[in-house]
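Novice: I would like the atomic coordinates for the input below:
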Amino acid sequence: MKNKENIIEKSAVLLIIVAALGYFVDAYDLIVASVVRSSAIVDLGLAELGTPEHKSYAQLFEYVQSFGILLGGVLFGILGDKIGRKKVLYASILIYSVANILNGLLTASVPYVSTVYCILRFVCGFALAAELSVGIVMISETMKAKYRGYGSMIVVSFGVLGCVLAAFLFEFIKVSWQSLFLIGGVAGLLLLIFRYSINETSHFLDKENQRSEKGSLGLVFTNKRLVKIFFSAILLGFPIYFFVSIPIKFAADYGKEIGLTIKGTIPIIIFYIALSLSDILANYLSQVFKSRKKVIYFYLALCIVPVLLLHFIPPTTPEQYFYLFAPLMGIASGYWALLITYTAEQVGTNIRSTFATSVPNVIRSLFIPIQLLLTAIQPSFGTSTSVFYIGVVAIALAFLGNYSLNETWGRDLHFIDKKD
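Specialist: You can find the predicted model right below:
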């Protein structure tokens, strides 16, 4: 019996290591497109820096990648329940690696280069949707209930540093945008080798799960409890992607609107370092207090601080933006790993991948409505007030989402969800 427990623990450790490396590559590949988009637009001859055309292309590329993430999150989540978590990870890694390599080979001489770039960003976003969430599902189903929060903590806190690496290589090492895409693609292919050593989870292979209805959106939307969980969990992530969508990914544009000249890569580096450290704290507090819900309430309260400061005491220098506002937003966003674990623990094995993959990627794709809403109300209210209103609404909806969800700390995940 003791030997069996040791084997289980060793398999969990291996899974955590591989999942952490996987999310590191995933995070790198997702953020690298945002880091290099200005240089890519100029080098590909699409528009000059600082022009309205340049901003339009930048938003377009983010939109198509976000739309790909949305569709990929839903499809890969369903497939993770239908055919297995491991197979889905193989497929997603292969697709996004090839897409990034092709993206790195683009030049201005390629016919219809803007269309090709858009297609590759869509495909990459589509495939990247699976890596983190399916990894968290496997950890949740493998580790003991009282320790699984630590597994998620390690994966996400290490993984988000991939964002930092992408921005650091571009800003300080001056690696070209083509090379950054190639690095991400090759790293993804190498990741396939590590993934080979990971086994499918026993929860998925369980006979009851195999006989049940798996990976069905019909099941989700014909069960009132599951519908409430689905939309409540999405609302819970609204503040995180409010910060990412406006003051972080588009820091240079936001800075221009408030009269500051901001290098877009610096806020990304500092934000994600702060988020990584804060993720460790959030998951640790969750283990100490034996609660996901209470800790998330605490973090939602933290989100109020940078939203208020941005509007009522805005930064007056780039340094204030870099070293005060960016880390505050990163710290407040540090419940990202906890949110995914919280979501995975809400539902049965037969739809766990569907939920845990769809929800975070719908949250990631909130970039689209957030930017559209900002564009719509900005002429009437101005940039600062518009961002403030969106931030307040995002936090209020997140509080509502958390209120609607049940506590899940220590829950046994060996159960099946059925139609009402």
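
Novice: Against residue 284, how distant is residue 234?
Specialist: Here the criterion is C-beta to C-beta, to the nearest Å. By it, residue 234 lies 25 Å from residue 284. Where C-beta positions appear, they are placed from N, C-alpha and C, glycine not excepted.

Novice: out of these two, which sits in the more crowded spot?
Specialist: residue 234 (22 against 14; other C-beta atoms under 10 Å).

Novice: Can you tell me the closest non-neighbouring residue to the more buried one?
Specialist: Of all residues beyond its chain neighbours, the one nearest residue 234 is residue 362 (5.2 Å), with distances taken as C-beta to C-beta, 6 or more residues apart in numbering.

Novice: what's the helix or strand for that neighbour?
Specialist: Here residue 362, judged by DSSP states H and E, is contained in helix 352-364.

Novice: Quick one: distance of that helix to the chain centre.
Specialist: What separates the centre of helix 352-364 from the centre of its chain is 10 Å, taken as C-alpha atoms, centre = their mean, to the nearest Å.

Novice: Quick check: buried residues in the helix or strand just after it?
Specialist: Counting by DSSP H and E, the next helix or strand C-terminal to helix 352-364 is helix 367-381. When neighbours are counted by 16 or more other C-beta atoms under 10 Å, the buried residues of helix 367-381 are found to be 367, 368, 370, 371, 374, 377.

Novice: go on, stretch 168-175?
Specialist: 168, 169, 170, 171, 175.

Novice: can you give me the helices in the stretch 251-400 of the chain?
Specialist: Taking DSSP state H, counting those that start in this stretch as the criterion, the stretch 251-400 of the chain contains helices spanning 251-257, 265-289, 293-312, 318-320, 326-332, 336-344, 352-364, 367-381, 383-404.

Novice: Using CSV, lay out these together with distance to residue 119 and mean pLDDT.
Specialist: Rendered in CSV, the data for the helices of the stretch 251-400 of the chain read as follows (distance: least, C-beta to C-beta, whole Å; pLDDT from 0 to 100):
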stretch, distance to residue 119, mean pLDDT
helix 251-257, 24, 89
helix 265-289, 25, 94
helix 293-312, 35, 97
helix 318-320, 35, 95
helix 326-332, 32, 97
helix 336-344, 28, 92
helix 352-364, 19, 92
helix 367-381, 17, 93
helix 383-404, 30, 97
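
Novice: Can I get those in CSV including distance to residue 138?
Specialist: Supplementary listing: these in CSV, determined by distance: least, C-beta to C-beta, whole Å:
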stretch, distance to residue 138
helix 251-257, 34
helix 265-289, 17
helix 293-312, 22
helix 318-320, 42
helix 326-332, 27
helix 336-344, 10
helix 352-364, 9
helix 367-381, 27
helix 383-404, 25
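
Novice: What is the burial count for the nearest residue to residue 355 once chain neighbours are set aside?
Specialist: Leaving aside its chain neighbours, residue 355 sits nearest to residue 347 (4.9 Å; criterion: C-beta to C-beta, 6+ apart). Neighbour count for residue 347, taken as other C-beta under 10 Å: 26.

Novice: now swap in residue 331 and tell me
Specialist: By other C-beta under 10 Å, 21 other residues sit near residue 331.

Novice: check contacts around the nearest residue to it once chain neighbours are set aside.
Specialist: Distances taken as C-beta to C-beta, 6+ apart put residue 278 closest to residue 331, at 4.5 Å, once the chain neighbours are dropped. Taking C-beta atoms under 8 Å, 6 or more residues apart in numbering as the definition of contact, the neighbours of residue 278 are 330, 331, 332, 333, 334, 335.

Novice: Report the separation between the second one and residue 360.
Specialist: Separation of residue 331 from residue 360 (C-beta to C-beta) stands at 20 Å.

Novice: just the fifth one next, same as before
Specialist: As judged by C-beta to C-beta, residue 334 and residue 360 stand 15 Å apart.

Novice: Report the central residue of the chain.
Specialist: Per C-alpha atoms, centre = their mean, the C-alpha nearest to the average position across the chain is that of residue 364, at 5.6 Å.

Novice: check contacts around the nearest residue to it once chain neighbours are set aside.
Specialist: Distances taken as C-beta to C-beta, 6+ apart place residue 69 nearest to residue 364, at 4.8 Å, with adjacent residues excluded. Applying C-beta under 8 Å, 6+ apart, one finds that residue 69 lies in contact with 125, 126, 128, 129, 361, 364, 365.
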